[in-house]
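>>> 3D, please:
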Amino acid sequence: MHAFVGLYTPRATPFADDGSLDARALTRNVERYLQTPLTGLVVLGSNGEAPQLEDHEADLAIQTVRAAMPKNRPLLAGTGRESTAATIAATKRAADLGADAVLVRTPSFYKGQMTTDAFVRHYTQVADRSPVPVLLYNVTMYTGVNLLPDAVATLSRHPNIVGIKETNSDMVQFGEYLSRSQEGFTVLAGSGATYYSALALGAHGAILAVGGVAPQLCSDIFIAVREGRFDEARALHRQLSPLSKLLGATHGVPGLKAALTLCGYDGGHPRPPLQPVPPAAIDAIRAALAELKLLETSHV
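Numbering: from 1, shown residues only. Alright, predicted model coming up:
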């Protein structure tokens, strides 16, 4: 049986005017997400600006989101750090704060030494010490390293490594993850651009930034593929694609935060050195949201 199947969105981290983490705004956003068809939430993902947060802020984010969520809605927490020891420590704290599983990005600073063997050793040690299930997280667009199918095939045999979020758009590699991993290993899509393609290959779900502003449409695509209505799913994905591109490759986290604000969530500004998107980008995002009837009426 696959664990953590379904559709998740990474929570953006709202900051107050003084730059501190805004726990009240985060709670308001979570409470609104609980009214959507999303399976669960991810806190401290790439779109949560996790690398920009201090450990005490990361812990506060997990604690805040967990407190706002019922136990039957799964919470995944990003705990990846550059060292194995720091990753284990963050993972234990996340488990203590109520995370149902951890999402562990690849270490990447010493890129030349991040071989398959290094990754297998790192993740094995983390999983051995983690009180909760571990999901691998491959996000080459930010890390510059790639978790190859050989590593994933090996790691999928670990009893406490239950899946992977794959953000790359290489569908050949995605297919290898699916075909070479152990039975029951969950492979989640992480890119809105290739969401339909990944589902058609057999992905068990997704963690999508665009799901934070278009949860119903993303859910409709997931259900359509699962029920074999591929023509309908393709058509829906074509509708989603312009917005997904704006919030992904084009404008990233600042674009997502702008979109959240336009949809009536507490988006706020990104944390420096990230900068808010310029007015022209906001206009493009507003137009894409309007096309999908996602704008909050006060922002039309």
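>>> ok, the nearest residue to Arg66 once chain neighbours are set aside - how many residues close by?
Nearest in space to Arg66, with sequence neighbours left out and distances taken as C-beta to C-beta, 6 or more residues apart in numbering, is Gly98 at 3.7 Å. Every residue, glycine included, has its C-beta placed from N, CA and C. By other C-beta atoms under 10 Å, the residues close to Gly98 number 16.
>>> for Asn146, same thing?
Other residues near Asn146 come to 18 when the count uses other C-beta under 10 Å.
>>> one more: Gln173?
18.
>>> any idea how far Ala198 is from it?
Using C-beta to C-beta, to the nearest Å, Gln173 is found at 11 Å from Ala198.
>>> and Ala89, what does it touch?
Neighbouring residues of Ala89 by C-beta atoms under 8 Å, 6 or more residues apart in numbering: Arg81.
>>> name the element the residue nearest to Arg66 belongs to?
Using DSSP states H and E, Gly98 sits within no helix or strand.
>>> could you name every residue contacting both of Gln173 and Ala198?
Joint contacts of Gln173 and Ala198 (C-beta under 8 Å, 6+ apart) are Glu166.
>>> so what does the lengthiest helix in the chain touch, helix or strand wise?
Using DSSP state H, we find that the single longest helix of the chain is helix 230-245. Here helix 230-245 touches helix 195-201, helix 215-226, helix 279-291, going by 3 or more C-beta pairs under 8 Å, 6 or more residues apart in numbering; DSSP states H and E.
>>> try 10 Å this time
helix 195-201, helix 215-226, helix 252-262, helix 279-291 (3 or more C-beta pairs under 10 Å, 6 or more residues apart in numbering; DSSP states H and E).
>>> and the first one, what's its mean pLDDT?
It refers to helix 195-201. Per-residue pLDDT over helix 195-201 has a mean of 98.
>>> now do the second one
What helix 215-226 shows for mean pLDDT is 98.
>>> that helix to helix 230-245, inter-axis angle?
140 degrees (axes from the mean of the first three to the mean of the last three C-alpha atoms, to 10 degrees).
>>> quick check: which ranges of the stretch 51-200 of the chain have low pLDDT?
Judged by pLDDT under 70, the stretch 51-200 of the chain has no weakly predicted residues.
>>> returning to that earlier point: who touches the residue nearest to Arg66 in this structure?
By C-beta atoms under 10 Å, 6 or more residues apart in numbering, Gly98 lies in contact with Ile62, Gln63, Val65, Arg66, Ala67, Met69, Lys71, Leu75, Ala77, Val132.
>>> just the buried ones from the residues you listed?
Among the contacts of Gly98, those buried by neighbour count (16 or more other C-beta atoms under 10 Å) are Ile62, Gln63, Val65, Arg66, Met69, Leu75, Ala77, Val132.
>>> check which helices and strands the helix or strand harbouring the second one sits against.
Going back to what we said before, that points to Gln63. Here Gln63 is covered by helix 55-68, with elements defined by DSSP H and E. For helix 55-68, the packing partners by 3+ C-beta pairs under 10 Å, 6+ apart come out as helix 23-33, strand 40-43, strand 75-78, helix 84-96.
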